[in-house]
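K.L.:
Take this sequence and fold it.
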Amino acid sequence: MKTMNKIPSFTIDHERLLRGIYVSRKDEVGGETVTTFDIRMKEPNREPALHVGAIHTIEHLAATYLRNDPEWKDRIIYWGPMGCLTGNYLILRGDLASKDIVGLMRRTFRFVADYEGDIPGAAPCDCGNYLLHDLPMAKWESKKFLTEVLDNITEANLHYPEK
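P.N.:
Below you'll find the model as predicted:
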C-alpha cells in the first residue's frame, strides 16, 4: 500500500487545542485566495462533543445567518459541521486571518443563541434528516461558545498550538 502524507488538519495538536477561531488552510482557487476556518466549539477529547441534533441545527441557523449578513454574504462559500462534532468549518473568499472574522462569529452565534421560531430548511422537502434537530441545545451550545470564548477571545483562541 502506498504511504500517504497526512493532511494538515491531522497535524494539529488536538490535545492542546482550545475552543476558538483558527485558520485551517488557505488555497488559491481561480487566482483568488480562499480561507478555511476551524470554528472550534469544544476542546477535542477533553469535553463532550456537540450533540448531533444541536450541531445540525447550528448548521442550518448559522448558514442562514451568514448567507444573509450584509457585510459578508458575498464571501461565504461554505459553513458545515466537522465530522468529529467539535466544531464547524467556514470557508470564505479572501486572504483572511482569524481576527478578521471575530465580529462575524459573535453576530452569528448571537443569532443562533437568540433564535426563536421554525428552523430554516427543517422540512422533509428541504433537509435530508429534518427530524434530527435540537433547537434548545443549539441555543445553549451557541450561548456557551459566545460568552465563554468569543466575548473573551485571546491570541490563544486565534492561533493553533505549536506541536
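
K.L.:
which non-adjacent residue is nearest the most centrally placed residue in the chain?
P.N.:
Within the chain, the residue whose C-alpha comes closest to the C-alpha centroid is Asn88; the distance, by C-alpha atoms, centre = their mean, is 2.9 Å. Setting aside the residues directly before and after it, Asn88 is nearest to Ile39 in space (C-beta to C-beta, 6 or more residues apart in numbering), at 4.6 Å. (Each C-beta comes from the backbone N, C-alpha and C, glycine too.)

K.L.:
gap between the helix or strand harbouring the one you found and the chain center?
P.N.:
Assignment of secondary structure by DSSP states H and E places Ile39 within strand 32-40. Relative to the centre of its chain, strand 32-40 is centred 10 Å away, using C-alpha atoms, centre = their mean, to the nearest Å.

K.L.:
Ok, stretch 128-144 next?
P.N.:
On the basis of C-alpha atoms, centre = their mean, the separation between the geometric centre of stretch 128-144 and that of its chain is 14 Å.

K.L.:
Repeat that for stretch 114-121.
P.N.:
Mean C-alpha position of stretch 114-121 versus that of the full chain (C-alpha atoms, centre = their mean) differs by 18 Å.
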